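*Asks:* Sequence below, structure please.
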Amino acid sequence: MNRMNTAIMGLCVIVLALSALSCQKQVAPTIDGELKKWHRITLNFEGPLTNELDSINPFLEYRLDVTFVNGNKKYVVPGFYAADGNAAETSASSGNIWQVRFTPDTIGDWAYSVSFKKGKNVAVSHKFDDAESAGFMDGYKGTFQIGDTDKTGIDNRAKGRLNYIGESYLQFEETKNYFIKLGVDAPENLLGYADFDAATNALDLRKEWQPHAQDFTKDAQPFVWKGHKGKNLLGAINYLASEELNVFSFLTFNIDGDDRNIFPYLLKRPVKEYESYASDKENIEAWENFFHKTRLDVSKLDQWERIFEYAETKGMFLHLKTNETETDHLMDKGVFGTEGKLYYRELIARFGHHLSMNWNLGEENNQPKEEVLKVARYVSKLDPYHHHLVMHTFPNKDDRYEDFIGDQSPLTGASLQLSAPDFVDVNPRVLKWREKSNATGKKWALSVDEPGKANIALLPDDEDAEHNEARGNALWGSLMAGAFGVEWYFGYASPNSDLTCEDFRSRDLFWDQNRHALHFFKQIPFWEMTPANELLGENKGFCFAKENNVYVVYLPMETETTSLDIGSSGASYSIQWYDPRNGGDLLKGSLYKVKADGMVNLGTPPNESNKDWIVLVQSIKS
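*Replies:* Numbering: from 1, shown residues only. Alright, predicted model coming up:
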């Protein structure tokens, strides 16, 4: 009888446990954000109460995935541990909130289902369907309804997700417009900012962004944290947008690198001790000695998201550089494993919902081919939105792209670095990789993200007010070769350098010239055009053409006129001139019109014939 009673009592305990587990599954998440197309919505789930340093690692030993379905559209989105769900404000390191961020691309009813598993390394496991349930929201199903966006103008939510579509240019999904990106590749340590939690000051490189306090505007107030923090960096982004620049880049991990202040991880030792160690450039084992390698700093990452979320409203492309050459071999001692997989999973879960962005697998990447492929395949499979995926490498080692073009890898483009101080290598390098990738049948979308000699690159205005070589050879040289954009590197030995810049106004005059280029490209069907320098014959300059329709010629300085082969159809073409230095309207030169009769002279510009000019030659419709 005692045995039977014991068995009955044991069965009751099991039933009660299962009943409690069933009840846990029925707790509906709260949903933050506007339920509109292209807007970020956040599902907040109540899960196990834990903390960043719990013996059961909440980042590695739990796995949250939510599957969103609308008709034939299906997205499996990774989730993450969010402490109290408001860590940007509270700096909480504990709590029971788990989040999933999602940007719906269709109006109407969406259904979602939740998977929440636990087990050893389950967050990075290849197979996890049969992993143990973590209870709580595991198995929960729900629905929500999405309306249309109300955003307009430069806000990315008015344009939709920026997609790689197998062409040389990325395309916004909502508007179907193609994208030209122009902006900054420096400072690489943009996120080494004093207002972020646990900000360190190794090598005295921590940033305040004080020069951009004047650029903070009230539209950014919802994105500050703790009442006032974040304002200066938000102001810096607003300044870039006011100049009509549309991209900035940043490292997300530079332990043992050039700056050493950017990391999403928890320190194991006091900040001052880390700063002392990392301020000695000879010390390169901080990753091994100072960090919890699989423990994330939830509040810092939530504060990063405030910056990125504001950037979204300002039409910014986020260039996430996930490693640099000093760091790409640190995780898992250079063989892609648990540490690296968790790093990319956390980045994708927390920031992959952004609409205009790319993943860069490494600045000056020097990893073995097989390791790059492991990372690329992992990111490509895990990212539900399949964002543009690139790699950056040394200017004299670009031939390693041969191993990744075409179907050899999931990469969809290259982030090109060059080295000539006068930028003359830009146009031919873009042409080289455009031709090579196109030949595989999988066109890469190419960007020039670090033009110029490393110690000089783009000088400040007070050292080069006209920026003639940067404008002609790099800016127009890139775009006329079919690159989809340029990001400007500031040089490691220049004032307001790649590491020390806190004032984007240091190149203010040059941003005007970028804006002029962007305005011109909005007037032509650039996505249908191809580089065609051969149509200039032996003449200097660059040519970009949709043959028998529209031709653009960049005429270098000290080149008063040129000739162009526009075919022998006898059709009439108009000739107009554009000033790349000052922008403005299209102008008339010495010739207004020409007939297609082989190589024809285009005349001379309206003024300042010793300066550089753009010539726009368009067919005249009868």
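*Asks:* all strands in the stretch 101-250 of the chain, in order from the N-terminus.
*Replies:* Using DSSP state E, counting those that start in this stretch, the strands of the stretch 101-250 of the chain run over 108-118, 132-133, 141-146, 162-163, 171-172, 181-184, 247-251.
*Asks:* Adding mean pLDDT, distance to V424 and mean neighbour count, write those strands out as JSON lines.
*Replies:* From N, CA and C alone the C-beta is placed, and that goes for glycine too. Output for those, formatted as JSON lines (pLDDT from 0 to 100; distance: least, C-beta to C-beta, whole Å; neighbours: other C-beta atoms under 10 Å):
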{"stretch": "strand 108-118", "mean pLDDT": "98", "distance to V424": "52", "mean neighbour count": "18"}
{"stretch": "strand 132-133", "mean pLDDT": "97", "distance to V424": "60", "mean neighbour count": "13"}
{"stretch": "strand 141-146", "mean pLDDT": "98", "distance to V424": "50", "mean neighbour count": "13"}
{"stretch": "strand 162-163", "mean pLDDT": "98", "distance to V424": "30", "mean neighbour count": "22"}
{"stretch": "strand 171-172", "mean pLDDT": "98", "distance to V424": "31", "mean neighbour count": "20"}
{"stretch": "strand 181-184", "mean pLDDT": "98", "distance to V424": "20", "mean neighbour count": "24"}
{"stretch": "strand 247-251", "mean pLDDT": "98", "distance to V424": "24", "mean neighbour count": "25"}
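*Asks:* how about those strands, which one is nearest T30?
*Replies:* Of all these, strand 141-146 sits nearest to T30, with 11.2 Å by C-beta to C-beta.
*Asks:* which secondary structure elements does the closest one contact?
*Replies:* Under the contact criterion of 3 or more C-beta pairs under 8 Å, 6 or more residues apart in numbering; DSSP states H and E, strand 141-146 touches strand 108-118.
*Asks:* Would you map the strands across the stretch 301-450 of the chain?
*Replies:* 317-321, 357-360, 388-392, 413-417, 447-450.
*Asks:* Can you tell me the closest non-neighbouring residue to L446?
*Replies:* Spatial nearest neighbour of L446, excluding adjacent residues (C-beta to C-beta, 6 or more residues apart in numbering): A483 at 4.9 Å.
*Asks:* how about that neighbour, what does it touch?
*Replies:* 416, 430, 434, 446-448 (C-beta atoms under 8 Å, 6 or more residues apart in numbering).
*Asks:* and G441, how many neighbours does it have?
*Replies:* 10 (other C-beta atoms under 10 Å).
*Asks:* Can you give me the distance of it to A194?
*Replies:* Separation of G441 from A194 (C-beta to C-beta, to the nearest Å): 49 Å.
*Asks:* just A493 next, same as before
*Replies:* From A493 to A194 the distance is 24 Å (C-beta to C-beta).
*Asks:* So those two - more neighbours on which side?
*Replies:* Neighbours were counted for A493 and for A194 using other C-beta under 10 Å; A194 has more, 16 against 12.
*Asks:* For that one, what are phi and psi?
*Replies:* phi -60, psi -30 (degrees, to the nearest 10).
*Asks:* Ok, F68 next?
*Replies:* phi -110, psi 130.
*Asks:* Same check on the one 3 residues further on?
*Replies:* The phi and psi torsions at G71 (degrees, to the nearest 10) take the values phi 60, psi -120.
*Asks:* and it, what does it touch?
*Replies:* 106, 108.
*Asks:* shaky segments in the chain?
*Replies:* Along the chain, segments meeting pLDDT under 70 span 1-26, 622.
*Asks:* per-domain residue ranges of it.
*Replies:* Per the record, the chain has its domains at 23-146, 156-522, 527-619, by automatic domain parsing.
*Asks:* Please identify the most buried of these.
*Replies:* Sort these by mean neighbour count, taking mean count of other C-beta atoms under 10 Å, and domain 156-522 sits at the top with a mean of 20.
*Asks:* helices or strands next to the helix or strand where G47 lies in the packing?
*Replies:* Here G47 sits within strand 41-51, counting by DSSP states H and E. Here strand 41-51 touches strand 30-32, strand 62-70, strand 94-102, strand 108-118, going by 3+ C-beta pairs under 8 Å, 6+ apart.
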